[in-house]
Every structure is written in C-alpha cells, then in structure tokens.
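Enquirer: Need coordinates for the following:
(one chain, ligands or ions: 2)
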Amino acid sequence: MESLRGRDFLTLLDFTPEEIGYLLDLAETLKAEKKAGVPHKLAGDKSIALIFEKTSTRTRCAFEVAAHDLGMGSTYLDPTVSQIGKKESIADTARVLSGMFSAIEYRGYGQEIVNELAEYADIPVINGLTNDYHPTQVLADFLTIREHFGSLKNRKLVYMGDACYNMGNSLMVGCAKMGMRFTVCAPKQFYPKQELIDTCLAIAAETGAALEFTEDPAEGVKNADVIYTDIWVSMGEPVESWETRVKLFIPYQVNAALMEAAGEQAVFMHCLPSFHDLKTTMGKALGERYGFPDGLEVTDEVFESERSLVFQEAENRLHTIKAVMKAVLE
Ligand code: CP
Ligand code: NVA
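Expert: Ligands and ions are numbered 1, 2, ... in the order given. As a prediction, the model looks like this:
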C-alpha cells in the first residue's frame, strides 16, 4: 500500500479497504500507546486549522487532543468570528491557511464546500462532518466494532431512521468497502440517494458486502450485530420539520423490544449526541412536546444498557482522528 501522506480525507469512497484497514490498525496502535503512556509525537513543527461552521463536542475535542498528543499546534476557527464565507471565499481561505498550517479540518454544510477547500488547499483537508458524509465517525465506529466482535467482515449493521443524511450515507459506504452486511431500516423516502446506493452496490460486488433496504423494523434487525441510530433531526434541519419527521420515525425507535427482536448478540451504537432522556433543553422540549418521556431515537433503557457501546465509540473518535492526522502528515 502506498503511503497516505498528503492525502485529503473527504469521504471513505476515496479509500480502499486496505487503506481503511490500515487506518484502523494505526488507531488501535495509537490507542494502546496512549493507554501505556508511550508518546507518539510527529517530527517537525506541524499544525492544523479547525474550521467549525456547526457545533461540536466530540470532533473538536478529538482533533485538539490528537493534535496535542502528536505534538502539533491547533487553531479553532469559528466562522461567526472569522472572515470565512462573509468577507473571504472558501478558495481564498484554503490558500491563506495553506501558507500557515500543515492541515485543515472542516465541519459544515454541503460536501461541495469541503471539496472546494481541498481543491484550493495544498495541504491535506479532513472532513469533520458535512450534510453528506461523516467519515471520521465511521472509522471510530469500525474500530469499536472490531474491538467488540474481533472483525468487520460479514458483520451485520442495521441503520435505523434518517438514512439519507451524513451517518446513513457514510456507514453504507464504509460497510460496502469493508465487506459487511448493511441494512437500511427506514421509511422509503429516507433511504440514501439511488446514485449512492448504486455506487455502493458496485463496491459491494467487489468486496462481498451485502446491502439491504427495508421499511420493516422487526424484519430489518433480525440477526443484527449492530443496531445503529442517529438523532431524527440533524444540525441545520429546520425546527418546522420536526413534527413530520418524528411521526415518520416513531416505528424506528431503538427500544428494548427492538433489541430483543435483533437477538442477544446485538449491540447498540450511536454517533452522539442523543436524545435518550429529557436532561437537555432540546431533548426536554421535544420529549414533552411529542410525548416521549423515555427518549426519542433510542430509549434511555437501551442507551444505558450493557449492550450500548456509545462511550467506547466516542472515545475512539480521538484514536481514529489521530490516526488520520498522523497518516496524512507523517
Ligand atoms: N459524533 C460527533 O460528531 O459529535 P460532535 O457533533 O459532538 O462532534
Ligand atoms: N446527523 C448528525 C450527526 C451528528 C454527529 C448531524 O449532522 O447533526
């Protein structure tokens, strides 16, 4: 395999199964080294610009801690207080930052924005979430699945709910690449776009992956290894869309009965943040408004159960993001 040095990390579509496997192996090593107190700083003076047009806890912290562990500098750029988009175009921003930093992380809206940054920057650009893809999240998810089950190949991952957005799209691509069985379990209008399904079916034909699509939760989750869900309304979706969405997604809530239907091997995963209780202002408002005291996309019972891997998954954001930074910069 050729070195990943200098590569952009925009979507897993750009990476071979071998390269994805390499990043997971590297993350596993970096995780073990961190636990053992073994330093892993990069040579030379490196730094990363972190652009966040949407809010974040995990991704921002993972990039900042990873940069620190790699001996790099990091600068957080909040578009509300920088020139980006208002007085300076993406193309100009990319060229300015290329003169000062070693890499750029971007979280924002359309995938075309991060693609444009990458086109104009002559340093690696890493996608920290767009409407279309969230590839660093999938690396953390796959590391977690490998840690729990020992391997990825042929594992069945069922994605419940809003499958046509960043998490559904990225997991479908990742599962197709890694020869997994991926089931979309969602209302038909929330299936990923047909063009992306066709691309993933072509990848699956080469890797031995299987893709399935169903509107029936009981049928979809049978023999699942992983039941995965995400919030029903992502960042940037208008509040007015809640009512329609909640009504459509109710049958896809991950609750004890659904985990039971999946079988005792099944674990629960979620990229987080999650509305699993009423302990946040938004969760409370939504839970009370729509009558879900026990959680929206997942019940508190499942979220807090032993079958839930969500905090291991969240920690793995650090190790996998660090692996991407090291691979593209060293
Ligand atoms: N999962 C994830 O990307 O979390 P943040 O939005 O907190 O970064
Ligand atoms: N689909 C969610 C993912 C958050 C990590 C969002 O875009 O808000």
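
Enquirer: Confirm that residue 227 lies within a strand, as I assumed.
Expert: Yes: counting by DSSP: H, G, I helix; E, B strand; the rest coil, residue 227 is found in a strand.

Enquirer: wait, doesn't it sit right on residue 217?
Expert: No: using C-beta atoms under 8 Å as the test, residue 227 is too far from residue 217 to be in contact (9.7 Å). C-beta coordinates here come from the backbone N, C-alpha and C atoms, glycine included.

Enquirer: Which one's more surrounded, the two?
Expert: Legend: neighbour count by other C-beta atoms under 10 Å for residue 227 and residue 217, higher for residue 227 (29 against 22).

Enquirer: Can you check which residues contact both of residue 227 and residue 217?
Expert: 160, 258 (C-beta atoms under 8 Å, 6 or more residues apart in numbering).

Enquirer: For ligand 1, give me its nearest residue in the stretch 201-330 of the chain.
Expert: Closest approach of the stretch 201-330 of the chain to ligand 1 (C-beta to the nearest ligand atom) occurs at residue 271, with a separation of 4.0 Å.

Enquirer: which bits of the protein sit near ligand 2?
Expert: For the chain, the residues in contact with ligand 2 (C-beta under 6 Å from any ligand atom) are 129, 165, 166, 167, 230, 231, 234, 235, 271.

Enquirer: What is the most widely separated pair among the residues you listed?
Expert: For the residues of the chain next to ligand 2, the farthest-apart pair by C-beta to C-beta is 129 and 231; their separation is 12.9 Å.

Enquirer: of the two, who's got more company?
Expert: residue 129 (28 against 25).

Enquirer: Just read off the phi/psi values of the more buried one.
Expert: Backbone torsions for residue 129, taken as degrees, to the nearest 10, come to phi 130, psi 130.

Enquirer: was I right about it contacting residue 60?
Expert: No: look at residue 129 against residue 60 with C-beta under 8 Å: they stay out of range, at 10.5 Å.

Enquirer: just the helices in the chain please.
Expert: Along the chain, counting by DSSP state H, helices occupy 17-36, 58-69, 90-98, 111-120, 135-149, 166-177, 194-207, 217-220, 242-249, 256-262, 281-290, 300-303, 310-329.

Enquirer: what about the second one, distance to the chain center?
Expert: The gap between the average C-alpha position of helix 58-69 and the chain average comes to 15 Å, counting by C-alpha atoms, centre = their mean, to the nearest Å.

Enquirer: what do you get for the fourth one?
Expert: With C-alpha atoms, centre = their mean as the basis, helix 111-120 stands 18 Å off its chain's centre.

Enquirer: same thing with the first one?
Expert: Mean C-alpha position of helix 17-36 versus that of the full chain (C-alpha atoms, centre = their mean) differs by 17 Å.

Enquirer: ChimeraX command for the buried members of the residues of the chain next to ligand 2?
Expert: The ChimeraX selection below is limited to those of those classed as buried (16 or more other C-beta atoms under 10 Å):
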select :129,165,166,167,230,231,235,271
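
Enquirer: Return the member of the residues of the chain next to ligand 2 nearest to residue 31.
Expert: Out of the residues of the chain next to ligand 2, the member with the shortest distance to residue 31 (by C-beta to C-beta) is residue 271, at 18.5 Å.

Enquirer: Stretch 212-229 close to ligand 1?
Expert: No: if you take C-beta under 6 Å from any ligand atom as the test, stretch 212-229 misses ligand 1, and the best it gets is 12.2 Å.

Enquirer: mind exporting that stretch as CSV, just the C-alpha atoms?
Expert: C-alpha atoms of stretch 212-229 as CSV (Å, rounded to 0.1, in the frame of the first residue of the first chain):
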residue,chain,number,x,y,z
GLU,A,212,-30.4,-4.5,2.1
PHE,A,213,-33.3,-2.0,2.4
THR,A,214,-36.5,-2.4,4.4
GLU,A,215,-39.2,-0.4,6.0
ASP,A,216,-40.0,-3.1,8.5
PRO,A,217,-38.0,-2.8,11.7
ALA,A,218,-38.7,-6.3,13.1
GLU,A,219,-37.6,-7.8,9.8
GLY,A,220,-34.6,-5.5,9.4
VAL,A,221,-33.0,-6.1,12.8
LYS,A,222,-33.1,-9.9,12.7
ASN,A,223,-29.6,-11.3,13.5
ALA,A,224,-28.1,-7.9,13.6
ASP,A,225,-24.7,-7.5,15.2
VAL,A,226,-25.0,-3.7,15.5
ILE,A,227,-28.2,-1.6,15.7
TYR,A,228,-27.1,1.9,14.9
THR,A,229,-29.2,5.1,15.0
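
Enquirer: Please consider this matter closed, and thank you.
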